[in-house]
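Participant: Model the structure of this input:
(one chain, ligands or ions: 2)
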Amino acid sequence: MPVKNRFAELQAEITAWRRDLHENPELLFDTHRTSGVVADKLRAFGCDEVVEGIGRTGVVGVIKGKAQSSGKVIGLRADMDALPITENTGVEYASKTPGAMHACGHDGHTAMLLGAAKYLSETRNFDGTVVVIFQPAEEGGGGGKVMCDDGMMDRWGIQEVYGMHNWPGQPLGSFAIRPGAFFAATDVFEVTIEGRGGHAAKPHETIDPTVTSATIVTALQSIASRNADPVSQIVVSITSFVTSSQAFNVIPARVTLRGTVRTLSAENRDLAEERINQLCTGIASAYNCSAKVEYTRNYPVMVNHDEQTAFAAEVAREVSGDCADAPLIMGGEDFAFMLEERPGAYILVGNGDTAMVHSPEYNFNDEAIPAGCSWWAGLAERRMPAA
Ligand SMILES: [Zn+2]
Ligand SMILES: [Zn+2]
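Facilitator: Ligands and ions are numbered 1, 2, ... in the order given. Okay, here's the model as predicted:
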């Protein structure tokens, strides 16, 4: 089963959908136009059920196979939202919305899953039910979690879930996957260090929070280098250091630090939170300052399940001849929440030699469409073979 011929036929149509979505990017949960386009198409394809408003602006479509005697139900998920980036691709279908851009290829993901939905609705060559899931707010907002919290998995009896992301630098239309931890947990923290401001020429009359904060920034590097097991992966980055005064001759009263923590295990996640608290409060106290730490747990580690990963790789090999071992990725992925609720797997499809995702120069590669669509359709037909 290489690329399905039907997707070669549909490629121009799916490309047109993708470019229309690209031209009209929407952020977070505000995917009103996109969700409407998706729901209209699913209805036009003849899906058995199309429900909007799951997870605020998420859309769910149900496609029943020619038989349902297997009792199997699998969920196929795409994301729909764009990023707050000003596009710099120069393509004729570039974003018409200033400051918003499909810089992560979710336009391509949505178009490919729509293409698969069209094909599966036409052919129904499987024994079971396919639930296509279109989620908003992957780029922050946790739209996947909100769809789960709306009871999506139970409402449609979804037993397994699959997801796909395009990946720049990976050969066009090739696949890569890994079992177990794949994408990192993405937490953020903010630390407010209070001292006592005053004249910069009279530091002895102040309690200087900048020196305290600089010490904290340095000390936080010891979490990765001295506390975490060196064979595990962890990132602790300070990304913002803001003083309450910007004058040349004033010692500020307050410093606000912000940063992010990326981990691939629950142990390291707990460790990072605990050590950030200890180091910030301990060092602040040693310097006569106070520290308030707000640690926010965002997306959890995205963990691929072994059996579904092996199956997903098998289908990928049938489409592209091979399936590579994917690297660990320290970015986050909202699909983690769905994989916490149901077994499943997430795969990367090569976008070829393009700019990286989240770059203003990035563009989804339409030549990946036949491979991506074929993988989606292959999952359904192989997991739930028709008699
Ligand atoms: Zn992204
Ligand atoms: Zn993405």
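Participant: Check whether the spatially most central residue of the chain sits in a helix, strand or coil.
Facilitator: Nearest residue to the geometric centre of the chain (CA atoms, centre = their mean): Glu333, 2.9 Å. For Glu333, the assignment made with DSSP: H, G, I helix; E, B strand; the rest coil gives coil.
Participant: which residues does it contact?
Facilitator: Glu138, Gly163, His165, Phe182, Phe183, Tyr299, Met302, Tyr346 (CB atoms under 8 Å, 6 or more residues apart in numbering). Backbone N, C-alpha and C define where each C-beta goes, glycine included.
Participant: what ranges do the strands span in the stretch 151-300 of the chain?
Facilitator: 160-167, 175-177, 180-183, 185-194, 198-199, 234-243, 250-251, 254-263, 290-299 (DSSP state E, counting those that start in this stretch).
Participant: among the ones you listed, which is the most enclosed?
Facilitator: Neighbour counts (mean count of other CB atoms under 10 Å) averaged over each of the strands of the stretch 151-300 of the chain peak at strand 160-167, with a mean of 25.
Participant: any idea how far it is from the chain center?
Facilitator: Centroid displacement of strand 160-167 relative to its chain, using CA atoms, centre = their mean, to the nearest Å, is 10 Å.
Participant: Could you do stretch 108-123 as well?
Facilitator: Worked out by CA atoms, centre = their mean, stretch 108-123 lies 20 Å from the chain centre.
Participant: Mind listing what's buried along that stretch?
Facilitator: Within stretch 108-123, the residues that qualify as buried are 108-121, 123, counting by 16 or more other CB atoms under 10 Å.
Participant: repeat for stretch 66-76
Facilitator: For stretch 66-76, by 16+ other CB under 10 Å, it's Ser70, Lys72, Val73, Ile74, Gly75, Leu76.
Participant: pretty sure the second one is touching Gly128, no?
Facilitator: Yes - taking CB atoms under 8 Å as the definition, Lys72 is a contact partner of Gly128 at 3.6 Å.
Participant: Overlap of the contact sets of these two?
Facilitator: Common neighbours of Lys72 and Gly128 (CB under 8 Å, 6+ apart) are Arg383, Met384.
Participant: re the thing from before, would CSV of the buried residues of stretch 66-76 with pLDDT be doable?
Facilitator: Listed next are the buried residues of stretch 66-76 as CSV, based on pLDDT from 0 to 100:
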residue, pLDDT
Ser70, 97
Lys72, 98
Val73, 98
Ile74, 98
Gly75, 98
Leu76, 98
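Participant: Confirm for me that Glu318 is in contact with Val3.
Facilitator: No - using CB under 8 Å, Glu318 makes no contact with Val3, being 9.9 Å away.
Participant: out of those two, which sits in the busier spot?
Facilitator: Val3 (20 against 16; other CB atoms under 10 Å).
Participant: Is that one in a helix, a strand, or coil?
Facilitator: With three-state DSSP as the basis, Val3 sits in coil.
Participant: check contacts around it.
Facilitator: Gly173, Val319, Pro370, Ala371, Ser374 are the contacts of Val3 under CB under 8 Å, 6+ apart.
Participant: who's in contact with the first one?
Facilitator: The reference is to Gly173. Taking CB under 8 Å, 6+ apart as the test, what Gly173 contacts is Val3, Ser320, Val349, Gly350, Glu367, Ala368, Pro370, Ala371, Gly372.
Participant: export those residues to a markdown table and tack on distance to Ala228 and secondary structure?
Facilitator: Listed next are those as a markdown table, based on distance: CB to CB, whole Å; DSSP: H, G, I helix; E, B strand; the rest coil:
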| residue | distance to Ala228 | secondary structure |
| --- | --- | --- |
| Val3 | 43 | coil |
| Ser320 | 36 | helix |
| Val349 | 32 | strand |
| Gly350 | 32 | strand |
| Glu367 | 40 | helix |
| Ala368 | 36 | helix |
| Pro370 | 42 | helix |
| Ala371 | 37 | helix |
| Gly372 | 36 | helix |
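Participant: Dump the residues you listed into JSON lines; add pLDDT as well.
Facilitator: Converted to JSON lines, the contacts of Gly173 look like this (pLDDT from 0 to 100):
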{"residue": "Val3", "pLDDT": "82"}
{"residue": "Ser320", "pLDDT": "96"}
{"residue": "Val349", "pLDDT": "98"}
{"residue": "Gly350", "pLDDT": "98"}
{"residue": "Glu367", "pLDDT": "97"}
{"residue": "Ala368", "pLDDT": "98"}
{"residue": "Pro370", "pLDDT": "97"}
{"residue": "Ala371", "pLDDT": "97"}
{"residue": "Gly372", "pLDDT": "98"}
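Participant: so how far is Lys64 from the residue nearest to the centre of the chain?
Facilitator: 29 Å (CB to CB, to the nearest Å).
Participant: Then Gly71?
Facilitator: 12 Å.
Participant: Find the nearest non-adjacent residue to Leu219, please.
Facilitator: Careful, residue 219 is Ala; it's not Leu. Leu279 (4.8 Å; CB to CB, 6 or more residues apart in numbering).
Participant: What values do phi and psi take at Cys373?
Facilitator: phi -60, psi -40 (degrees, to the nearest 10).
Participant: Lovely, talk soon.
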